[in-house]
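Let's see this in three dimensions:
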Amino acid sequence: MGWPRATAPAWPVHAGLLLLAVTTVGGYALADPELRNVIFALVTAVPIVTYLLALGAGHLTDRGPWLAAVAGLGFLTLGTVMWPDWIPGHHFGRAEGSVTDLVMASAHLLFLVGTATALRRHGRTDPGGLIDAALFGLCAAGPLWEWLIGPHLGSHATALGKALLFSDVLVLAAVLGCLIRIGITAHGARGPLGYLVLTASLTLANDVVAVLTIDGSAVWTAQIMMLAYLTLAVGPILPTARGVTEPAPGPAVTRHPPLGLLGAALCANPLIAVVQAVRADGPASVVLPVATMLVVPMVVLRLRLLSSQRARAERTLAHQAHHDELTGLYNRRHIVTKIDEAMDALDRGEISEVTLLLCDLDGFKPVNDRYGHQAGDAVLQAVARRLSAVAGPHDAVGRLGGDEFMILQCGGEPVADRITAALCEPIPITGGTVRIGASVGTATAWPGDGADRESLIARADAAMYAVKARPAAPEPEPATI
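Below you'll find the predicted structure:
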């Protein structure tokens, strides 16, 4: 049986999750300690099964990142089997820095790396939004640590244990921010992304709960962690899971947060450090400086991205100001500026002559009338390519508008005959080819002859109409398939 299509209803999956969550969480609370370990280990294996099934059915693309995520989940399950007392014994949350903590943190990081790699395509369409989201997450991690986690760590917490726990909080907060951002932009995959957001939120909440309940029962910690595993298992089996790694084409259209809000978030950690320094009721924490140092490279990356975007926008605007949108040739304004520059160089004696060629297409109107404006645009683009190929490397080629073109030469070999020959060749359009002609008028200015831009254009225009007055150009040939 094939995997459900994207249009299939998702309610059976939601209902199955609810039933499984109630059964496992309730069963864990009522079971004896040994059975609790079995239930917890089985729950950690559920997402591995769903991910492997989805990968085997071809429902999840980009197999490499998802396999890395599955490997991370496998290490977590293996760690649960090898150290079954990690959760029930409340070692999770003590920040002891043991081998178990190191293995679990590494497995967790491997899964997050795999997931982040699978989501990389969304970053290509909205890199600035993801950086902003990650910054918000990192800025929120500092207060979370200082207010809820750090003050409740006991004497059993080691430097390595604190570092592992704090890094887990930082990564989860940043990933949570990015997942929320992607969920806003990826409308077609909000279901699986919503479950990933729930998984990250539950895992982050579990870090807090594990520390706050360190002297009480570990049941809450285990139950929240089981819910995180179950919500993680739902994502890949939803009909729209493919959209997680295959974003809709086109750029993201969501707005970025106001700069004031982003600035307030960046000020959170320094302000807390200032309050701690003023109160002077305990040793200064190194957590906030570390969090701030992690934020700085991301701010620099965001500024670099903004600078690159602005540079690209300026280049685009400059190109649009000087070039014709359809053909890519110089537009009328810029080619006229080029003529003025050439005439000034001629007056200064820097060049020996200035030649202007006006080119008006013959038989172009019937192409539009017979085959449509799309075919006409294809003909104009083909003419632009051929004129650019005929012109010399230092010649300027422009489109004056409609079917009129201009070539400016500052010396060099005459190209009028080559233009006529090039444009008489068949031009392919959709469904066949057409033929057009061209009337080319040439005017040349030399030093001391008193010519200016207006007179040079007028002479070239008169020469073009003299050519056009000759026998009529051929009608376009019917398109042949």
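
Do you have the strands of the stretch 51-200 of the chain handy? List them.
Per DSSP state E, counting those that start in this stretch, the stretch 51-200 of the chain carries no strands over any range.

quick one: low-confidence ranges for the protein?
1-7, 123, 247-259, 275-288, 471-481 (pLDDT under 70).

which one's the longest helix in it?
For the chain, the longest helix by residue count, based on DSSP state H, is helix 287-322.

which helices and strands sit right next to that helix?
helix 127-144, helix 159-185, helix 259-279, helix 332-347 (3 or more CB pairs under 8 Å, 6 or more residues apart in numbering; DSSP states H and E). Backbone N, C-alpha and C define where each C-beta goes, glycine included.

Now do the domain split for the protein, please.
According to automatic domain parsing, the chain comprises the domains 11-317, 332-468.

who touches the nearest residue to residue 120 once chain neighbours are set aside in this structure?
Spatial nearest neighbour of residue 120, excluding adjacent residues (CB to CB, 6 or more residues apart in numbering): residue 65 at 7.8 Å. Applying CB atoms under 8 Å, 6 or more residues apart in numbering to residue 65 gives the contacts 114, 115, 117, 118, 120, 245.

Filter those residues down to the buried ones.
114, 115, 117, 118, 245 (16 or more other CB atoms under 10 Å).

Which of the residues you listed fall in helices?
114, 115, 117, 118.

Please name the residues that touch the third one.
Applying CB under 8 Å, 6+ apart to residue 117 gives the contacts 62, 64, 65, 68.

Just send those residues back as TSV, with distance to residue 32 too.
Formatted as TSV, the contacts of residue 117 follow (distance: CB to CB, whole Å):
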residue	distance to residue 32
62	42
64	42
65	39
68	36
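
So which of the residues you listed is the closest to residue 343?
Among those, residue 62 lies closest to residue 343 (CB to CB), at 59.1 Å.

ok, how many other residues are close to that closest one?
Look at residue 62: counted by other CB atoms under 10 Å, it has 17 neighbours.

and if you look at residue 318?
The number of residues near residue 318, taken as other CB under 10 Å, comes to 10.

Could you measure from the residue lying closest to residue 451 once chain neighbours are set aside over to residue 23?
Spatial nearest neighbour of residue 451, excluding adjacent residues (CB to CB, 6+ apart): residue 445 at 3.9 Å. From residue 445 across to residue 23, the span is 91 Å (CB to CB, to the nearest Å).

Between these two, tell me which one has more neighbours.
residue 445 (22 against 11).

contacting residues around the more buried one?
343, 346, 353, 354, 355, 356, 451, 456.

and the fifth one, which of the three is it?
When classified by DSSP: H, G, I helix; E, B strand; the rest coil, residue 355 comes out as strand.

Quick check: the closest residue to it other than its chain neighbours vs residue 352, distance?
Closest residue to residue 355 apart from its sequence neighbours, by CB to CB, 6+ apart: residue 409 at 4.2 Å. Separation of residue 409 from residue 352 (CB to CB): 11 Å.

Likewise for residue 186?
62 Å.

Mind checking which of those two has more residues around it?
Of the pair residue 186 and residue 352, residue 186 is the one with more neighbours under other CB under 10 Å, namely 23 against 10.

For the more buried one, grab phi and psi.
Main-chain dihedrals, residue 186, degrees, to the nearest 10: phi -90, psi 80.
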